[in-house]
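# below are the sequence and a predicted model; questions follow.
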Amino acid sequence: MAKGPKGFSELEKSVIKEKLRLECERSWAVYGYKKTNVGELCEKVGISVGTFYMCYNSKEALFVETVEALQNNLKAFMQEMISKEPTKQGFANAIKLLYQEYEKNSFLYSVNSPDFLAFLNKLPQESVSKLKFDNENFFHENIKSVGLNLLVSEEQAFSVISALLSILNVKEQLSYNHVEVFNFMLDNIIDEIFE
């Protein structure tokens, strides 16, 4: 197997990057972006800081790749769920499961938190726009793949679902189980969005 710089093959480098992404995800969920540091990630993965910078040119590059990997996993999960039940109710069930996944990875939806904003402020504007653009496109692609007809504009449908997902931001203020609140609201609004 051909070795690259520092004696790592492409496969070994790929394995190191995957370990770093998984550890980044864990650390981000527990400590946030600001308190996650490269040295500690490297220690947990068992590599040197030099090896980290062979894989990523910055902490932010690792975080962007981590977000993209999580989004891709969520997209694949959603597509699988929707393909199993390509109906309005199947779409709603997939959104319910997405809500639960977002709850497990709170940093994915806390886009207005000071910690997430600190992360976004370190990124080029095109990276920030791409993250948002991909979510909207993905939503529209799933609607079309199921063959659902909207009763409202695509923008309004996406905004309504996004607003429902934002219940996660206020779940501690609710006097009732937030998952049940989300499910109730989605079940009662889905017929207003889709034929």
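Noted; the coordinates are in hand.

# quick one: contacts of the helix or strand encompassing K17?
K17 belongs to helix 10-31 when assigned by DSSP states H and E. Outside helix 10-31, the residues within contact range by Cβ atoms under 8 Å, 6 or more residues apart in numbering are 1-2, 4, 8, 36, 40-41, 44-45, 47, 51-52, 54-56, 62-63, 65-66, 69-70, 104-107. Where you see a C-beta, it was placed from the backbone N, CA and C, and this is true even at glycine.

# tell me the first helix or strand C-terminal of it.
Downstream of helix 10-31, the next assigned helix or strand under DSSP H and E is helix 38-45.

# in that following helix, what's buried?
Buried residues in helix 38-45, counted by 16 or more other Cβ atoms under 10 Å: 38, 41-42, 45.

# contacts for it, please.
Residues outside helix 38-45 that contact it (Cβ under 8 Å, 6+ apart) are 16, 19-20, 23-24, 27, 48-49, 51-52, 59, 62.

# quick check: longest helix of the chain.
The longest helix of the chain (DSSP state H) is helix 59-84.

# who does whichever strand or helix holds E155 touch, helix- and strand-wise?
When elements are defined using DSSP H and E, E155 is found to belong to helix 154-165. Applying 3 or more Cβ pairs under 8 Å, 6 or more residues apart in numbering; DSSP states H and E, one finds that helix 154-165 contacts helix 88-104, helix 125-146, helix 178-193.

# as a markdown table, those helices with distance to K75 and mean pLDDT would be great.
Shown next, in a markdown table, are these (distance: least, Cβ to Cβ, whole Å; pLDDT from 0 to 100):
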| stretch | distance to K75 | mean pLDDT |
| --- | --- | --- |
| helix 88-104 | 10 | 88 |
| helix 125-146 | 6 | 76 |
| helix 178-193 | 19 | 95 |
